[in-house]
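Chemist: sequence first, predicted coordinates after that:
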Amino acid sequence: MRFFLLLSLIGTALAKDWAVIVAGSKTYGNYRHQADACHAYQITSKWGIPDERIIMMFYDDIAQSSSNPFKGKIFNKPTASGTPGVDVYAGCKKDYTGSQVTPANFVKVLTGDTTAPGAVLKSTSEDNVFINFVDHGGTNIIAFPSGTMSSSMLNNALKTMHSKNMYKKLVFYMEACESGSMFESLLPTDLNIYATTASNAKESSWGTYCPPDDKVNGVEIKSCLGDLYSVNWMENCDQVGKEETLADQFTIVKKTTTKSHVMQYGTQTFTSDKIGEYMGDSSNNVTLKDESPRKESVNVRSRDIPLHLAYYNYIRADHSDFATRQKLADALAAEVASRQKVDNLFHTLATNVFSVEKFFQEANTNGECLCCDKVHEAMYSHCGGYTDYSLQYSRVVVNLCEVSTADVIIQELKALC
């Protein structure tokens, strides 16, 4: 009995926690995603996961952006005048940045493929893995700075991890519009993978700490500082420490994320485990505490954030500076025109391919869609790619692929673009 107890204790001592944290966007208008990702890094790092077991992917164009009033700093939470706030970018690890932030490299990181240009998971069957992805999404896709990742591509990577015995248990937190579609009816319940998402398969996620609540130490950031789901789970971590269970955190985050439906998928038999068993090293007792209460804030549907920012940039402009106000008015008008152009593109695409508009209804999110993957690629090669606004029409692509072929849809798309 003592021998088996000793073996158990040795196994526990050798077990390690790993984290993969990804922000899949670029440009200052998406400030919130890199703020979320670096905040997640601060939690996992201070909770005891060493840098060699944390892999970070983010474009890294926010901290030094000419639009950033705090050069070299990023904040995930507003503060009042006289309160400097917490710079989540300080020490934020960089494994993959710029053009290296791709779906292919994400898969290589997850599956331990050493042909990747940076660090990859080297976890074993004794280890726990925590994955956090933050960005835009659509029906069965999530976005990267250039290109998209399909739900089948992601779930195949997770299944490969399982077949290679790369974890004991895996926890996945995903922030994206329609993020539920990445797992619903796709993620098996017997892989020891527990996933939660910011929204269900059919709705937008929401940004938070948006203008006019975007001030740090009294200075306007001019972008949303975080995403509602992500801020809720991370501020919960900061407040309660790593002893809380996965189930309790899910309940709290679901209650506080009032603008979308927080969901859970996969294996739910180990949600009584403590969050620190995945986001931290169980041998490290350091806790990160932030007792300041979550303040009510302006929350904006993710699809509408570019329009919201353009509007606030205009109304905040110096009334005596006519040239600047005109420039910002033009930018606001351009955003409205861009949305109208996208609306027209997908309405025309749907009617040209099948002569009806039922394709704007909810899409079937079950299963692999190779036709969809080809059409999404064509969107980038012929139409300049998706935006956070146009990603909502990925459901049109899914619906059209059920009644037509990729070749027909792409031919129409080329003509329209």
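Modeler: That came through fine.
Chemist: domains in the protein, by residue range?
Modeler: Structurally, the chain divides into domains by automatic domain parsing as follows: 11-279, 317-416.
Chemist: now C371: phi and psi?
Modeler: Main-chain torsions, C371, degrees, to the nearest 10: phi -60, psi -40.
Chemist: beta-bridge partners for the spatially most central residue of the chain, please?
Modeler: Computing the C-alpha centroid of the chain and ranking residues by C-alpha atoms, centre = their mean puts V134 first, at 1.4 Å. Beta-bridge partners for V134, by DSSP bridges, are A23, E175.
Chemist: next one: it from W47, what distance?
Modeler: For V134, the distance to W47 equals 18 Å [C-beta to C-beta, to the nearest Å]. (Glycine included, C-beta is placed from N, CA and C.)
Chemist: what ranges do the strands span in the chain?
Modeler: In the chain, the segments counted as strands under DSSP state E are 17-23, 54-57, 128-134, 137-138, 141-143, 148-150, 169-175, 193-197, 206-208, 215-216, 219-220, 226-227, 263-266, 300-301.
Chemist: check which helices and strands the longest helix seen in the chain sits against.
Modeler: In the chain, with assignment by DSSP state H, the single longest helix is helix 322-354. The contact analysis (3 or more C-beta pairs under 8 Å, 6 or more residues apart in numbering; DSSP states H and E) places helix 322-354 against helix 305-315, helix 394-401, helix 406-416.
Chemist: between it and helix 305-315, how many degrees?
Modeler: Computed by axes from the mean of the first three to the mean of the last three C-alpha atoms, to 10 degrees, the angle separating helix 322-354 from helix 305-315 equals 160 degrees.
Chemist: pLDDT of helix 322-354, averaged?
Modeler: The average pLDDT for helix 322-354 rounds to 94.
Chemist: pull out the buried positions in that helix.
Modeler: For helix 322-354, a neighbour-count test (16 or more other C-beta atoms under 10 Å) marks 325, 328, 332, 335, 338-339, 342, 345-346, 349-350, 352-354 as buried.
Chemist: before we move on, back to that, looking at the helices and strands packed on helix 322-354, which is closest to M182?
Modeler: Closest approach to M182 among the helices and strands packed on helix 322-354 (C-beta to C-beta): helix 394-401, 11.7 Å.
Chemist: sketch out the low-pLDDT regions of the protein for me.
Modeler: 1-14, 282-295, 357-367 (pLDDT under 70).
Chemist: need the winner for burial among the strands of the chain.
Modeler: For the strands of the chain, the largest average neighbour count (mean count of other C-beta atoms under 10 Å) is found in strand 137-138, namely a mean of 30.
Chemist: is F144 in contact with A104, as I believe?
Modeler: No. Between F144 and A104 there is no contact under C-beta atoms under 8 Å: 9.4 Å.
Chemist: show me which of these two is the more surrounded one.
Modeler: F144 (24 against 15; other C-beta atoms under 10 Å).
Chemist: doesn't D135 make contact with E175?
Modeler: Yes. E175 lies in contact with D135 (C-beta under 8 Å); the separation is 7.2 Å.
Chemist: hey, what's in contact with both of those two?
Modeler: Jointly contacting E175 and D135 under the rule C-beta atoms under 8 Å, 6 or more residues apart in numbering are H33.
Chemist: between all of the buried residues of helix 322-354, which two are separated the most?
Modeler: Within the buried residues of helix 322-354, two members stand farthest from each other by C-beta to C-beta: R325 and F354, at 44.9 Å.
Chemist: coming back round to it: turn the helices and strands packed on helix 322-354 into JSON lines, including mean neighbour count and distance to E377.
Modeler: Converted to JSON lines, these look like this (neighbours: other C-beta atoms under 10 Å; distance: least, C-beta to C-beta, whole Å):
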{"stretch": "helix 305-315", "mean neighbour count": "19", "distance to E377": "24"}
{"stretch": "helix 394-401", "mean neighbour count": "24", "distance to E377": "11"}
{"stretch": "helix 406-416", "mean neighbour count": "17", "distance to E377": "9"}
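Chemist: can you put these in JSON lines and add distance to E203?
Modeler: Shown next, in JSON lines, are the helices and strands packed on helix 322-354 (distance: least, C-beta to C-beta, whole Å):
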{"stretch": "helix 305-315", "distance to E203": "15"}
{"stretch": "helix 394-401", "distance to E203": "11"}
{"stretch": "helix 406-416", "distance to E203": "25"}
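Chemist: next one: the longest helix of the chain to chain centre, how far?
Modeler: 25 Å (C-alpha atoms, centre = their mean, to the nearest Å).
Chemist: how close does the spatially closest residue to S199 that is not a sequence neighbour get to S338?
Modeler: The spatially closest residue to S199, leaving aside those adjacent along the chain, is S260, at 4.0 Å (C-beta to C-beta, 6 or more residues apart in numbering). Distance, S260 to S338, by C-beta to C-beta: 24 Å.
Chemist: re earlier: can I get the strands of the chain in CSV including distance to P78?
Modeler: Shown next, in CSV, are these (distance: least, C-beta to C-beta, whole Å):
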stretch, distance to P78
strand 17-23, 20
strand 54-57, 24
strand 128-134, 19
strand 137-138, 25
strand 141-143, 26
strand 148-150, 31
strand 169-175, 19
strand 193-197, 25
strand 206-208, 10
strand 215-216, 5
strand 219-220, 10
strand 226-227, 9
strand 263-266, 28
strand 300-301, 14
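Chemist: cool, thanks, signing off.
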